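K.L.:
Show me the folded form of this:
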Amino acid sequence: AVAIVQFCSFNFPSIESRKSKAENFRIRTEQTRLKTDRTRCRSAGLQSEAAASLAASVPPPSDKLFVHVSGFSTCSFFQRAATVLSSLSTLFPNRLSVTKHSFDSRDEYRGWLLGNSGKPVPGEGFRSTSSDPRAVKHTSSPFVWLGDKDGGSPDDDMVPIRTFVGGHDDSLAWGRSLLSPAASSTPVASMVPDGYVAGQYDVDLLVVGGGSGGLAASKEAASKGARVTVLDYVKPSPAGSTWGLGGTCVNVGCIPKKLFHRAALTRESWAADGAAFGVSKGETVPAADWPALRQNVQNYIRGLNFKYRVSLRDGDVTYKNGLGEFVDAHTMKVTDKKGKETTVTFGRCLIATGGRPTGLKCPGGELAISSDDIFGLTESPGKTLCVGASYISLECAGFLSGLGMDVTVAVRSILLRGFDRECADKIGEAMKAGGVKFRKEQVPTALEKQPDGKIKVTFSDKSDETFDTVLVAIGRSGDTKGLGLQNIGIQALERNGKIETKFEQTSVPNVYCIGDVMEGCPELTPVAIEAGLALSRRLFACSTSAMDYENVCTTVFTPVEYGCVGLSEDTAKERYGSPEIEVYHKSFTPLEWALSADHRTIEAFSKIIVEKSTNKVLGIHYFGPEAGEVMQGYGVAMKRGVTFKELVETVGIHPTSSEEIVTMTVTKASGKDASAGGC
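P.N.:
Sure thing, here's the model as predicted:
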């Protein structure tokens, strides 16, 4: 307790303040060298070890940390660091475990750290097992690192260095970050040198894929002085659909989906709210004009395609409408739409080809369309079967139903795997109440074209039904076929065609990857954009900041929208243990639904998942109108490490649905009614 009071209340004298004049001279010399390295880094576009060593102290991960503190017993700095960190582990036993490695003498400690001679020798001693240049140069006591487990000893197998923390001052600064949950931290990328030399090839950066991520990365790299070329070529879908520059999101994804969703909400609102709000007298709801809606949406998208071309030109990025195939690690063969082949050499290459829908593997599966095709249909799809329980399938089913179609969803197991289970079930209940039919635990086993053009679908339970359109949305695979990855030694994953990376760097150091084609990356447009920007800054502006894939906001645009950020309830309990999780929840009727009898059959819902020991918010979930608009601001709070106390002390905007999130008081564990009441 005394250690914690000292730690929180006083500024400890820096070790450096007590260094000898010789040591201070060494520090000044090192600072000069680092400054020189930074200058060299800017001119060559390299991420040097010197730049990496300037990064801020290691941010603590969200899971349990295993801290190792080594030093000699008579060293006051070692004892202080060990005492403070051990005290923190007492306060937060589920977050921190500290192992103290004490040596009897300074010589014994230095012999272990530096090598048997006790003098700094490259490649010798425990410090040499780290790739961090700060660790390799560290000579003083203490030496603090994070490992994958606790325990270990110098006489036995010492726990390997996963992340080097530092000495006395670095360790206290790192510990201080544990007590400052509101402090933001940017992860640091440690990449393999890729041998890049500016001006050595035709282009400095070749981007394969003209989607949102690739375009963002290309323009950012060009703004840093790189010579950049973008290749983009849309391979037709099995149904023959093609589109312009901008990738999936702009042409056949987020943008048309949101506009069709908006059209459906407009029509549904007329039906459900018109009379209650005095803007109709119960007239028949007008039928949706599919051709007019499609044409208006396509006109808007074509405008975006043109703006992307202009932005590349204004950003000094060369655009080529061609299909790329690797010849070797620095050469790409480019085939244009007329079949003409050329080659381009590059210092670095960024694969940003995105993903394509996975097809239906059953007899007649080729009769199904996908999300690549639905927005380009010239006539209404009519009675539609949506195959899959993904957010794409449910979103399409939702807007088709809202536009007046007869819609059925075939679900193999559960809705929205990977999302919060309670909220996913509420989406299903709301869609069912809105007229969407569900075939649970059923999948198509055969599709057969009928004489009248309809499609007869046979299901796994042996039943069958006829539809006008079958839309398959069972997942997406990386668009890597034909890219020639085998020519440079990259092996895409067999199950989904995606590429494994570390900090967006593939197994070939000068070839990088972002977006939906990258394994483990959330399939979200803003994620690809941010990853592309961060990567270009690391490659051409000496940044060390990595893309942070944690706490990314997302929204499912079903008829009643669902937005979330952070962990689901099930994931939080699995990661931290159920006893450590508190769930606050609330059901309520949004004011915009209050006058409509149709809407009053469904309640909006929100919940907050909190870690008990730290009061830190681990996840926020909202099911209700305008979920995307509601959740975005909470994403900022989550990245800042917001606590539940800070959240509920925030004054809400009244009357809004968002204020229901900052006024929660009822926990699930209490068993009390979570329905909101009054104003």
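
K.L.:
hang on, isn't Ile301 packed against Cys249?
P.N.:
No. Using Cβ atoms under 8 Å, Ile301 is not in contact with Cys249, being 10.5 Å away. C-betas here are computed from N, CA, C, even on glycine.

K.L.:
Neighbour count: the two, which is higher?
P.N.:
More crowded of Ile301 and Cys249, by other Cβ atoms under 10 Å: Cys249, with 23 against 20.

K.L.:
ok, now which ones touch the more buried one?
P.N.:
For Cys249, the contacting residues are 211-212, 255, 525, by Cβ atoms under 8 Å, 6 or more residues apart in numbering.

K.L.:
Repeat the analysis, applying 10 Å as the threshold.
P.N.:
211-213, 255-257, 304, 354, 515-516, 524-526, 528-529 (Cβ atoms under 10 Å, 6 or more residues apart in numbering).

K.L.:
what does Val208 give?
P.N.:
By Cβ under 10 Å, 6+ apart, the contact set of Val208 is 214, 229-233, 322-326, 332, 334, 346, 349-353, 479-480, 483, 511, 513, 517.

K.L.:
Okay, and which of those residues map to strands?
P.N.:
229-231, 322-326, 332, 334, 346, 349-351, 511, 513 (DSSP state E).

K.L.:
Show me which of those is closest to Leu539.
P.N.:
Nearest to Leu539 among these: Leu350, at 8.7 Å, using Cβ to Cβ.

K.L.:
My guess is that closest one contacts Val511. True?
P.N.:
Yes. Assessed by Cβ atoms under 10 Å, Leu350 is found in contact with Val511 at 7.9 Å.

K.L.:
Would you mind telling me which of those two has the busier surroundings?
P.N.:
Set Leu350 next to Val511 and count neighbours by other Cβ under 10 Å: Leu350 wins out with 28 against 25.

K.L.:
Surely Thr555 is within a helix?
P.N.:
No. Assigned with DSSP: H, G, I helix; E, B strand; the rest coil, Thr555 falls outside any helix and is strand.

K.L.:
now the strands for the stretch 101-250 of the chain?
P.N.:
For the stretch 101-250 of the chain, applying DSSP state E, counting those that start in this stretch gives strands covering 143-147, 163-166, 203-208, 228-231.

K.L.:
between the ones you listed, which one is nearest to Ala397?
P.N.:
From the strands of the stretch 101-250 of the chain, taking Cβ to Cβ, the stretch that ends up closest is strand 203-208, at 33.3 Å.

K.L.:
Show me how far that closest one is from its chain's centre.
P.N.:
Centre-to-centre, strand 203-208 and its host chain are 24 Å apart (Cα atoms, centre = their mean, to the nearest Å).

K.L.:
Ok, stretch 152-165 next?
P.N.:
31 Å.

K.L.:
So for that stretch, what gets flagged as buried?
P.N.:
152, 154, 158-159, 161-165 (16 or more other Cβ atoms under 10 Å).

K.L.:
any idea how far the residue nearest to Ala492 when sequence neighbours are not counted is from Ala81?
P.N.:
Counting by Cβ to Cβ, 6 or more residues apart in numbering, Thr480 is the residue found nearest to Ala492 once chain neighbours are left out, at 4.6 Å. Distance, Thr480 to Ala81, by Cβ to Cβ, to the nearest Å: 48 Å.

K.L.:
Rank the buried residues of stretch 152-165 by pLDDT and give me only the lowest.
P.N.:
The lowest pLDDT within the buried residues of stretch 152-165 belongs to Pro154, with 79.

K.L.:
quick one: that one and Arg309, what's the gap?
P.N.:
According to Cβ to Cβ, Pro154 stands 63 Å off from Arg309.

K.L.:
What of Phe78?
P.N.:
Distance of Phe78 to Arg309, computed by Cβ to Cβ: 61 Å.

K.L.:
neighbour-wise, which of the two wins?
P.N.:
Comparing Phe78 with Arg309 by other Cβ under 10 Å, the one with more neighbours is Phe78, at 27 against 14.

K.L.:
Just confirm that one contacts Leu113, I think it does.
P.N.:
No. Counting by Cβ under 10 Å, Phe78 stays clear of Leu113, with 11.7 Å between them.

K.L.:
which residues are in contact with both of the two?
P.N.:
70-72, 103, 140-141, 143.
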